[in-house]
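In: Got a predicted model here, sequence first, then my questions.
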Amino acid sequence: MDIHHVTPAERTALKTSLTDVPLPSVDADRPAALLTRCPAAGVTPLEEVPALAEAAGVGQVHVKDERNRMGLGSFKALGAAYVIARDAEEGNANGRTYVTASAGNHGLSVAAGAQVFGSRAVIYLAETVPEGFADRLRGFGAEVVRHGAIYEEAMTGAAQAADTNGWALLSDSSWPGYFERPHTLMEGYLVLMQEAVRQMPEAPTHIFLQAGVGGLAAACAAYARQAWGDAPRIVVVEPDLAPALFASIRAGAAQVTEGAESAMGRLDCKEPSLIALRGLARDADDFMLITEDEGRVGSDTCARMGYPTTPSGAAGVAGLLAAQDAPGTFGLTERSRVLVILSEQAS
């Protein structure tokens, strides 16, 4: 575990280096309304888990459970499907082809959204992605293209296909010149945090948010600040093999990182979304890196308590549990009220 508290100088440096990058949206009402048009739309549960609070040495732990969101198995159902719903509302989705790369749940959201709104989905997968996942995508009517050995190569193939064919590239990350669709996509994630704010009996003292490129963490942090101000301490949790946000905050500018493959696969992102990075530089208090073993402890603990998920889905929980090895660092006590998100179902 490695921990870094964001300094005012780092916030200023990131704001300066990302001055042309939009901040995350906090408008949750529009996606909440539009996503009701999607199949299986509904509020996911938030539950207090006393056994998890005892294991973490805190007063309360509230778990926002996204494992069955819209029947797709993760919070990502709120993202790409919302972008396509927005296009449909404006008359621009029917007959359009959406292309993306995916290592997991984002592709399902693109495929499901395209199926609902009369569009076509083409999903690029690296060679390492299991064929069972490809079959799930095909079950939603998507065309699957195998391209490259790793996710980044698949994303390059998807971007090239979009340019060649005039298709709509729908990534869940953002980079220079590509902001509009990921900004809208992150707005969809606000729905889960708006629900959590309404479900929480009182404001949490701490929020532990897992991050890959950072879209979920940034959207949730932005909405939490709007709802609760400075009351919660917001901690962003990444694998130590993929410290894209952590390294970028320390450097004061976006960084491309390197490392071995992490078992926290959906968080195994070596380069941050610029929109997410700018938002988290403003809204997060701390960044922490967890080891592969700490990630497994998080998912194993959740499974024992009746909440089976992956190391990616439980990374926020893993961060909370690992925090016990650094007493006093986050101000956690036996009276703390902690909010965490289970972001995906067990594979």
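Out: Done, it's in.
In: and stretch 247-266, how far apart are its ends?
Out: 18 Å (Cα to Cα, to the nearest Å).
In: Quickly note the distance from residue 118 to residue 251.
Out: 44 Å (Cβ to Cβ, to the nearest Å). From N, CA and C alone the C-beta is placed, and that goes for glycine too.
In: should've said residue 319
Out: 21 Å.
In: cool, residue 203 as well?
Out: Look at residue 203 and residue 251: by Cβ to Cβ, they are 32 Å apart.
In: One more: residue 285?
Out: For residue 285 relative to residue 251 (Cβ to Cβ), the value is 18 Å.
In: More neighbours: which of residue 319 and residue 251?
Out: Between residue 319 and residue 251, counted using other Cβ atoms under 10 Å, the more crowded position is residue 319 (27 against 13).
In: a helix runs through residue 183, doesn't it?
Out: Yes. Judged by DSSP: H, G, I helix; E, B strand; the rest coil, residue 183 forms part of a helix.
In: Tell me how many other residues crowd it.
Out: So residue 183, with other Cβ under 10 Å, has 19 neighbours.
In: can you check residue 304 too?
Out: Other residues close to residue 304 by other Cβ under 10 Å number 12.
In: Could you pull out the strands in the stretch 201-347 of the chain for me?
Out: With strands called from DSSP state E, counting those that start in this stretch, the stretch 201-347 of the chain shows them at 206-210, 233-239, 286-290, 337-342.
In: excluding its backbone neighbours, what's nearest the spatially most central residue of the chain?
Out: By Cα atoms, centre = their mean, the chain has its centre lying nearest to residue 216, at 3.1 Å. When the adjacent residues along the chain are set aside, residue 216 lies closest to residue 189, with 5.5 Å between them (Cβ to Cβ, 6 or more residues apart in numbering).
In: In three-state terms, label the one you found for me.
Out: helix.
In: Tell me how far it lies from residue 66.
Out: Distance, residue 189 to residue 66, using Cβ to Cβ: 10 Å.
In: any residues in contact with both of these two?
Out: With contacts defined as Cβ atoms under 8 Å, 6 or more residues apart in numbering, the residues shared by residue 189 and residue 66 are residue 75.
In: ok, back up a step: what separation do you get for the residue nearest to residue 216 and residue 64?
Out: Distance, residue 189 to residue 64, using Cβ to Cβ: 12 Å.
In: between these two, who's got more neighbours?
Out: Taking other Cβ under 10 Å, residue 189 and residue 64 do not tie; residue 189 has more neighbours (28 against 23).
In: and stretch 283-301, how far out from the chain's middle?
Out: Distance of stretch 283-301 from its chain centroid, counting by Cα atoms, centre = their mean, to the nearest Å, is 14 Å.
In: Helices of the stretch 101-250 of the chain, residue ranges please.
Out: In the stretch 101-250 of the chain, the segments counted as helices under DSSP state H, counting those that start in this stretch are 105-116, 131-139, 151-165, 180-199, 215-228, 244-251.
In: Can I get these in TSV including mean pLDDT and distance to residue 16?
Out: Formatted as TSV, those follow (pLDDT from 0 to 100; distance: least, Cβ to Cβ, whole Å):
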stretch	mean pLDDT	distance to residue 16
helix 105-116	91	30
helix 131-139	91	40
helix 151-165	93	27
helix 180-199	96	20
helix 215-228	97	18
helix 244-251	96	13
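In: any idea which of those is most buried?
Out: Among the helices of the stretch 101-250 of the chain, ranked by average contacts under mean count of other Cβ atoms under 10 Å, first place goes to helix 105-116 (a mean of 27).
In: contacting residues around that one?
Out: 37-39, 70, 72-85, 93, 98, 100-102, 119-121, 123, 125, 133, 136-137, 140-142, 170, 172, 266, 344.
In: roughly how far is that helix from the heart of the chain?
Out: Its chain's C-alpha centre and that of helix 105-116 lie 16 Å apart, by Cα atoms, centre = their mean.
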